[in-house]
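A.B. asks: quick check, what structure comes out for this input:
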Amino acid sequence: METAATDLTFRDATEADVDALVALIESAYRGEASRAGWTTEADILEGQRTDPEGVRAVVEAPDSRLLTVERGGAIVACCQLEHRGDHAYFGMFAVSPALQGAGLGRTIIAEAERTARRTWGVRAMHMTVISAREDLIAWYERRGYRRTGQMSPFPYGDERFGVPLRPDLEFELLVKELAD
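C.D. replies: Below is the predicted model of the structure:
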């Protein structure tokens, strides 16, 4: 099932959006509600995915945008874009579990790439994904991202990022060259 992009509104998040964005991100990744979608991390992590302070930091950072996606006045998705020199970092990507699997994510990531090129003139997008999330990595590969094999450690012991249910979690850097 395809989703029409014409009924979506893209805008930068504001302080007033913080609580709704935290709820969205949590629903997409943690707990029973996340199991309605395919992006759940509930089998590998418990606890929170983010908190109001983490979202607020992205909203307020000078070289960062939290792109907020609305449909019918309701926030249905978001993603972080951060300018990091010659590339942009893509993170905090969440789509409402009830809307996953309908092409919305594909539309949002394409808009995020256009926004990063237009705003900062970058030629590449970087992201980190938990390497155990093979299904998610495969989805990004279908969008043109490539695995680099460059790993960074999961922040074990820092419950702001969740409580790991397994000892082998790490992040892999994925990169996509952005065309004009």
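A.B. asks: need the contact list for the closest residue to Trp38 other than its chain neighbours.
C.D. replies: Of all residues not flanking Trp38 in the chain, Gln100 sits nearest, at 5.7 Å (C-beta to C-beta, 6 or more residues apart in numbering). C-beta coordinates here come from the backbone N, C-alpha and C atoms, glycine included. Contacts for Gln100 (C-beta atoms under 8 Å, 6 or more residues apart in numbering) come out as Ala28, Ala36, Gly37, Trp38, Thr39.
A.B. asks: now Pro167, what's its secondary structure?
C.D. replies: At Pro167 the chain is in coil, as set by DSSP: H, G, I helix; E, B strand; the rest coil.
A.B. asks: likewise Ala42?
C.D. replies: coil.
A.B. asks: now the closest residue to it other than its chain neighbours: how far from Asp19?
C.D. replies: Excluding the flanking residues, the one nearest Ala42 by C-beta to C-beta, 6+ apart is Ser34, at 5.3 Å. Note on Ser34: its distance to Asp19, by C-beta to C-beta, to the nearest Å, is 18 Å.
A.B. asks: what about those two, which has more around it?
C.D. replies: Ser34 (22 against 11; other C-beta atoms under 10 Å).
A.B. asks: Ser27 is in contact with the residue nearest to Ala42, correct?
C.D. replies: Yes: using C-beta atoms under 8 Å, Ser34 is in contact with Ser27, at 6.1 Å.
A.B. asks: what's the overlap in contacts for these two?
C.D. replies: By C-beta under 8 Å, 6+ apart, the residues touching both Ser34 and Ser27 are Pro97.
A.B. asks: wait, a strand at Gln48?
C.D. replies: No: membership of Gln48 in a strand is not supported by three-state DSSP, which gives coil.
A.B. asks: now it. Its backbone dihedrals?
C.D. replies: phi -80, psi 160 (degrees, to the nearest 10).
A.B. asks: tell me which stretches of the protein form strands.
C.D. replies: 8-12, 45-46, 64-71, 74-84, 87-95, 124-130, 146-153, 163-164, 170-177 (DSSP state E).
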